[in-house]
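In: quick check, what structure comes out for this input:
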Amino acid sequence: MPMKTNARPTVSVVIPLYNAEETVAETLRSIQAQTLEHWEAIVINDGSTDGGPEVVERFAREDPRITITHQDNAGVSAARNAALDRASGEYVHCIDPDDLLTPRAYELLVGAERESGLGGAVGGQRIANHHDEQLHEFRPPIYSIGLWDLVFRWSTWTGAHLVRRSFYEDVRFDTRFQAFEDRDCWIRLAERGVRWRCVAPIVATYVIRPGTLSKQAFNLLRCTETVLRELHDRHQRLASANTLPDLTSERLDQLLGRLAFEAMTRAVIVEGEPCIDRAAAAYAEAKGAKEITPELAANAARFAVIYGLGMAPENDPENERRWAPAVHAWWEACEAKGWAGDGFATEAWMQLRPSLVSAEDICADILDQCGAAPEITVVGFGQNGRALVEMATRRGVRVFVRDDRFPTGRAGDDHEGGAGARFEAVDAALPRDRPVVITPLHDAGLLGRFAKGARLIRWSERRMELFRRSAPEAEMAGSR
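Out: Residues are numbered from 1 along each chain as shown. As a prediction, this is how the structure comes out:
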């Protein structure tokens, strides 16, 4: 049995518990498996009506690092706040009682924050369904994320974050919100100066339960609008290093319009065509610009399938029949409302289909194209680049990375990514016959950097080629 000590724990783990009898034990086991053992887990039973509290109490009897406190049901934000009030660790980590950690999660996150002194750390996240089938992976940017990223670009799950407890002295989760409450909290922490040092390895698994997020879609729409409008108002009144000069009223309208469309797409994909009229009415009433592009629609549909249905959207005609007719009807409704141009639904469908080719298949195809080359240059170190680097190094291929965020290269290998990739200057001389793989999808501006005759392989082209190969076998289930 682990011994409880009087020493200050390194990490205080915040766990709100509500009717998670079937999952909380696995969550607690993933915490107990941490290589960094000096933690405390504070479970707040938020009025559960199942046997979840009894499960936690059994763990607490055997492991003094785990405690449970009971309260009447008040919502996830109130439960997290109750745990924060009891926390004594150097860092705070929040996790839901159906999500999981990898064994080195705390070791990696604490080490990254201590090395950088940024106040927080965030790692990669694996998205899986309740059968533990992987649906997607998110890998953070190369160095760190802050306020701008949280608002405009980077969405990350609660269990991948870790923040110094001192930043929570005057920050709590807003109990008004039952959706978007975690993003609101991270935004307010970032306003107080927190940046999150990024570590590439997967540290957490977010488990999708079919329908759970879609049920919040309409509430999510209202909460998102409130959070971002209040943020905009605060930054109109403030003048500090952490304000957002880009958050103009016009930019806010664009952001709200995009998020509203994504939320309603999720509702339609889960609830089906009967939900379209309600979704259209909610979207019409929502604040924000109504500027739906085929690219936005395709991306929204892809992630709605993942988070709403808990299934991988990669080319699978049988699964596609479950959601494609509804999303195509939703797009046609948007076109009829004048929110998109003529032919929008067809164009969005043609954008969506190639995106359903899996990254793993694209990486394997690219490496086949490289043949027996002992080394390759990978241009871009985003999601696509990281995936390719990892597969290439597993196959024993030496990888050199060029990324505009490091124009002169970077000393040492990228051990954090577990890939051993070496960064080089973006204008470094290119050895003859070394394949160059351009991984960003929008790559037109990168092609001119390489001399005529360079052995270029484009991620966008290989993805489209793989789609064309599968297209005859994949029924266009969404077409009318």
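
In: whatever helix or strand residue 197 lives in pairs with which strands?
Out: For residue 197, the host element (DSSP states H and E) is strand 195-208. Paired strands of strand 195-208, with direction, are strand 100-101 (antiparallel), strand 119-129 (parallel), strand 144-145 (antiparallel) (DSSP bridges).

In: mind checking which of those is nearest residue 109?
Out: strand 119-129 (4.2 Å; Cβ to Cβ). C-beta coordinates here come from the backbone N, C-alpha and C atoms, glycine included.

In: give me the distance between the two termini of stretch 141-150.
Out: 12 Å (Cα to Cα, to the nearest Å).

In: next one: that stretch to chain centre, how far?
Out: 13 Å (Cα atoms, centre = their mean, to the nearest Å).

In: just stretch 105-121 next, same as before
Out: The answer for stretch 105-121 is 19 Å, by Cα atoms, centre = their mean.

In: in that stretch, what's buried?
Out: Using 16 or more other Cβ atoms under 10 Å as the test for burial, stretch 105-121 gives 105-113, 116, 118-121.

In: likewise for stretch 124-138?
Out: 124, 125, 126, 127, 128, 129, 135, 136, 137, 138.

In: pairing partners for the helix or strand bottoming out on mean pLDDT in the chain, with directions?
Out: Ranking every helix and strand in the chain by mean pLDDT, DSSP states H and E puts strand 134-138 at the bottom, with a mean of 85. Here strand 134-138 is paired, per DSSP bridges, with strand 119-129 (antiparallel).

In: what packs against the helix or strand in which residue 462 is found?
Out: In the assignment (DSSP H and E), residue 462 maps to helix 459-470. Packed against helix 459-470 by the contact rule (3 or more Cβ pairs under 8 Å, 6 or more residues apart in numbering; DSSP states H and E) you find helix 344-355, helix 359-370.

In: just the angle for it relative to helix 359-370, thanks.
Out: 100 degrees (axes from the mean of the first three to the mean of the last three Cα atoms, to 10 degrees).

In: could you report the distance from residue 379 to residue 450?
Out: 9 Å (Cβ to Cβ, to the nearest Å).

In: who's more crowded, these two?
Out: More crowded of residue 379 and residue 450, by other Cβ atoms under 10 Å: residue 379, with 25 against 15.

In: ok, for the more buried one, nearest residue in space, not its chain neighbours?
Out: residue 438 (4.6 Å; Cβ to Cβ, 6 or more residues apart in numbering).

In: let me see the contact set for the one you found.
Out: 379, 380, 446, 447, 456, 457, 458, 459 (Cβ atoms under 8 Å, 6 or more residues apart in numbering).

In: next, format those residues as TSV and append secondary structure and distance to residue 193.
Out: Formatted as TSV, the contacts of residue 438 follow (DSSP: H, G, I helix; E, B strand; the rest coil; distance: Cβ to Cβ, whole Å):
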residue	secondary structure	distance to residue 193
379	strand	34
380	coil	30
446	helix	35
447	helix	40
456	strand	42
457	strand	42
458	strand	40
459	helix	36
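
In: which of the residues you listed count as buried?
Out: For the contacts of residue 438, buried by 16+ other Cβ under 10 Å: 379, 380, 446, 456, 457, 458, 459.

In: hmm, residue 434 and the first one touching each other?
Out: No - no contact is recorded between residue 379 and residue 434 when judged using Cβ atoms under 8 Å, the distance being 12.0 Å.

In: using CSV, lay out the contacts of residue 438 together with distance to residue 189.
Out: Formatted as CSV, the contacts of residue 438 follow (distance: Cβ to Cβ, whole Å):
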residue, distance to residue 189
379, 34
380, 29
446, 35
447, 40
456, 42
457, 41
458, 39
459, 34
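
In: just give me the closest of these to residue 145.
Out: residue 380 (17.7 Å).

In: who are the neighbours in contact with that closest one?
Out: Applying Cβ under 8 Å, 6+ apart, the residues near residue 380 are 402, 403, 438, 439, 440, 446.

In: in strands, which of those fall?
Out: Among the contacts of residue 380, DSSP state E puts 402, 438 in strands.

In: quick one: which of the strands paired with strand 195-208 is nearest residue 191?
Out: strand 119-129 (11.9 Å).

In: quick check: beta-bridge partners of the residue nearest to residue 379?
Out: residue 379, residue 458.

In: so what's it scoring on pLDDT?
Out: We have a pLDDT of 96 for residue 438.

In: next one: residue 204
Out: pLDDT, residue 204: 96.

In: just to check, it is in contact with residue 101?
Out: Yes - between residue 204 and residue 101 there is a contact under Cβ under 8 Å: 5.6 Å.

In: common neighbours of the two, please.
Out: With Cβ under 8 Å, 6+ apart as the test, residue 204 and residue 101 both reach 95, 159.

In: contacting residues for residue 25?
Out: 55, 59.

In: give me the neighbour count for the nearest residue to residue 123 once chain neighbours are set aside.
Out: The shortest distance from residue 123 to any non-neighbouring residue, by Cβ to Cβ, 6+ apart, is to residue 203 (3.3 Å). Per other Cβ under 10 Å, the neighbour tally for residue 203 reads 29.

In: residue 203 contacts residue 126, correct?
Out: No - contact criterion Cβ under 8 Å: residue 203 and residue 126 do not qualify, at 9.1 Å.

In: let me see the mean pLDDT of stretch 90-98.
Out: 97.

In: name the helix or strand for residue 68, please.
Out: strand 66-71.

In: please state the offset of that strand from the chain centre?
Out: 29 Å.

In: now swap in stretch 125-132 and tell me
Out: Worked out by Cα atoms, centre = their mean, stretch 125-132 lies 12 Å from the chain centre.

In: residue ranges with poor pLDDT in the protein?
Out: 1-6, 155, 210-215, 238-245, 315-317, 410-420, 471-480 (pLDDT under 70).

In: could you dump the buried residues of stretch 105-121 to CSV with distance to residue 363 and secondary structure?
Out: Shown next, in CSV, are the buried residues of stretch 105-121 (distance: Cβ to Cβ, whole Å; DSSP: H, G, I helix; E, B strand; the rest coil):
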residue, distance to residue 363, secondary structure
105, 25, helix
106, 30, helix
107, 28, helix
108, 24, helix
109, 27, helix
110, 31, helix
111, 28, helix
112, 26, helix
113, 31, helix
116, 30, helix
118, 31, coil
119, 34, strand
120, 30, strand
121, 27, strand
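
In: and of those residues, the nearest to residue 335?
Out: residue 120 (42.4 Å).

In: quick check: the closest one vs residue 162, distance?
Out: Taking Cβ to Cβ, one finds residue 120 at 6 Å from residue 162.

In: any common contacting residues for these two?
Out: Residues within reach of residue 120 and of residue 162 at once, by Cβ under 8 Å, 6+ apart, are residue 113.
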